[in-house]
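Here's a sequence, model it:
(3 chains)
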Amino acid sequence: MSLLVLLDYASVLVFALTGALVASRAQLDIVGFFFIACLTAVGGGTLRDVLLNRDTVFWVAEPTYIAIACTAALVVFFTAHLLESRYRALIWLDSLALAVAVPAGVGVAMGMDQPAAIVLIMGMVTGCLGGLMRDVVCNEVPLVLKQGELYASAAFAGAGAALIARELGAGTLTVLAACALLTWVLRAGSLAFGWRLPVYKSRPPRV
Amino acid sequence: MSLLVLLDYASVLVFALTGALVASRAQLDIVGFFFIACLTAVGGGTLRDVLLNRDTVFWVAEPTYIAIACTAALVVFFTAHLLESRYRALIWLDSLALAVAVPAGVGVAMGMDQPAAIVLIMGMVTGCLGGLMRDVVCNEVPLVLKQGELYASAAFAGAGAALIARELGAGTLTVLAACALLTWVLRAGSLAFGWRLPVYKSRPPRV
Amino acid sequence: MSLLVLLDYASVLVFALTGALVASRAQLDIVGFFFIACLTAVGGGTLRDVLLNRDTVFWVAEPTYIAIACTAALVVFFTAHLLESRYRALIWLDSLALAVAVPAGVGVAMGMDQPAAIVLIMGMVTGCLGGLMRDVVCNEVPLVLKQGELYASAAFAGAGAALIARELGAGTLTVLAACALLTWVLRAGSLAFGWRLPVYKSRPPRV
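Next up, the predicted model:
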């Protein structure tokens, strides 16, 4: 199994867990769990494939992805009550999913010899959009838009690290590992230590 | 006219009526009615066609669909005040639309020889996504996420029935009729008699 | 540079400014500004390209669009506090963006010899959908759904004017100029003088 395929599998699995956790917070039934888990798991990668005009969307070509997402939903349906705090589990799993999905997007775009700007964007789309769809559909405040947290910024930095590593002549494994690592460190640092970028705040908002 | 095309026409018509009813609840003008009616009517099928990478999206190939949706919007614009309860009309029309759109999705996926998991998903996407877009854009609580109602579950069961019927060697008409019937019976039973699946509720929500 | 490409550039620039203004109202950091600016700037055109099954999405083929959107976001990040009212700047810039994006959509659809209904829809999709995505993601009331304002209606009329101008044998420049002008006049008239279509209001809403 190639590295890129492995990344897609891992990102589907972890994003599906986060989707099922959100479904548990919305008190859906088991099919609702499947629905939100699949939407979250394949949302970002689907958009990546449609935007890049790949011949087939990754999970249409290989429905095992869907089976994985549904299995993850099933596990969460029966075990989520064991968690101390579902919200903490959700944001930390989501940080892992982000750190896996960004290199999954970057890797596909690099494999198609896209220019740097497109590589950056595909990393961010694959990383951020599945979670955004999950939160918009379930009416949660999108994690990607939480004030004063690194999220899209972490994805951006991670994808940038991959581009720099490639310029320096690193191999694919190193490039994608650097991407995943920087993304996760920034996101986790933001969650644990409150790292942030300055936000726009020159005036009272919503004037 | 083939059976599949007929299903697409019927689902466009009924979904457009539901979209126009939601537009009437949001007090939009006539172009707003057209907009929401078209979004609802072709949303699910469009996503199906994009995901399956069909050569042309069904309504781009044949704009009659749009004319039908706009006509439905026009009729609702001038007659919705005659309804006893617009909300009751909305949910019952929506149940019909679901029962028509799920086989429309299933039929297309089967016609492309997709594996069972993709057939299931295309049934659910075609059935549920148009209504979901309508509700997200108009800021209604999405019917697909209403707690303790069968909706995605009805679509899931209907698409499953189609797969089983095909395994048993039934003809296309029987397969799609079984799908439509089971979807509608489950959805209508949920609306009329409160049929439901157990929801996830092991703890107070939103902890 | 062809007229159509110029329209795409102009619409990307102006929509990116509106996206960044919304990001400033949501007090996002600079990457959040980039994200919302790009989403708004290319959202409508991307959907147009996916629906029309063009070989490549316009900004994937030419990432300069992304650079423009990010530059616009950067400028707004550092200058938005100079504005008297960010909301007034937002709605007026948005009216300009609409007036540029509608002919951008109409022009592409006409160039592909699509039938009239598709030309109308692509004008509306390209004009309205980027702003709609911006508002749904940032949880603002979508401008396109504001009661009693011309928005989708202005796009509809503009696209219709283009079709009529073409029927009358006008050249491409005239066709697109008529489209832009009518769209903007109607939208601006609605903002400045309260022009509107009758809305559906035969009953108290949300019954």
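
near chain B, which residues of chain A?
Residues of chain A lying close to chain B by CB under 8 Å from any CB of the partner chain are A:23-35, A:38, A:46, A:50, A:55-57, A:60, A:63, A:66-67, A:77, A:80-81, A:85-87, A:136-138. Yep, even glycine has a C-beta here, placed from its N, CA and C like the rest.

And A:Ala61, how close does it get to chain C?
Distance, A:Ala61 to chain C, by CB to the nearest CB, to the nearest Å: 18 Å.

and if you look at A:Ala180?
18 Å.

Now do that residue: how many residues are near it, please.
24 (other CB atoms under 10 Å in any protein chain shown).

repeat for A:Thr64
12.

Mind pulling up the pLDDT for it?
For A:Thr64, the model assigns a pLDDT of 91.

now swap in A:Lys201 and tell me
Looking at A:Lys201, its pLDDT stands at 67.

Poorly predicted segments of chain A, please.
A:1, A:147, A:201-207 (pLDDT under 70).

Name the residues of the longest helix seen in it that are buried.
In chain A, assigned by DSSP state H, the helix with the most residues is helix A:86-111. Residues of helix A:86-111 classed as buried by neighbour count (16 or more other CB atoms under 10 Å in any protein chain shown): A:86, A:89-91, A:93-110.

gap between A:Ala20 and B:Cys179?
Applying CB to CB, to the nearest Å, the value for A:Ala20 to B:Cys179 is 27 Å.

Quick one: list the elements packing against the helix or strand containing A:Val75.
Here A:Val75, judged by DSSP states H and E, is contained in helix A:64-79. In this structure, helix A:64-79 makes packing contacts with helix A:3-25, helix A:30-51, helix A:58-61, helix B:116-137, judged by 3 or more CB pairs under 8 Å, 6 or more residues apart in numbering or on different chains; DSSP states H and E.

For those helices, give me a markdown table that also has mean neighbour count.
Listed next are the helices and strands packed on helix A:64-79 as a markdown table, based on neighbours: other CB atoms under 10 Å in any protein chain shown:
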| stretch | mean neighbour count |
| --- | --- |
| helix A:3-25 | 25 |
| helix A:30-51 | 26 |
| helix A:58-61 | 20 |
| helix B:116-137 | 25 |
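
how deep is A:Trp195 tucked in, by neighbour count?
By other CB under 10 Å, 17 other residues sit near A:Trp195.

Just list the residues touching it, thanks.
Contacts for A:Trp195 (CB atoms under 8 Å, 6 or more residues apart in numbering or on different chains) come out as A:150, A:186, A:189.

In three-state terms, label the residue lying closest to the last one once chain neighbours are set aside for me.
Distance criterion CB to CB, 6 or more residues apart in numbering or on different chains; nearest residue to A:Gly189, sequence neighbours excluded, is A:Trp195 at 4.3 Å. Per DSSP: H, G, I helix; E, B strand; the rest coil, the local secondary structure of A:Trp195 is coil.

Which phi and psi values does A:Trp195 adopt?
Dihedral pair for A:Trp195: phi -60, psi 140, per degrees, to the nearest 10.

What distance do you get for A:Ala67 to B:Leu120?
11 Å.

got it, and A:Ser24?
Taken as CB to CB, the span from A:Ser24 to B:Leu120 is 22 Å.

same deal with A:Met133?
According to CB to CB, A:Met133 stands 19 Å off from B:Leu120.

same question, A:Ala177
On the measure of CB to CB, A:Ala177 and B:Leu120 end up 36 Å apart.

What of A:Ile118?
Distance, A:Ile118 to B:Leu120, by CB to CB: 33 Å.

Pull the number of nearby residues for A:Gly194.
A:Gly194: 10 surrounding residues under other CB under 10 Å.
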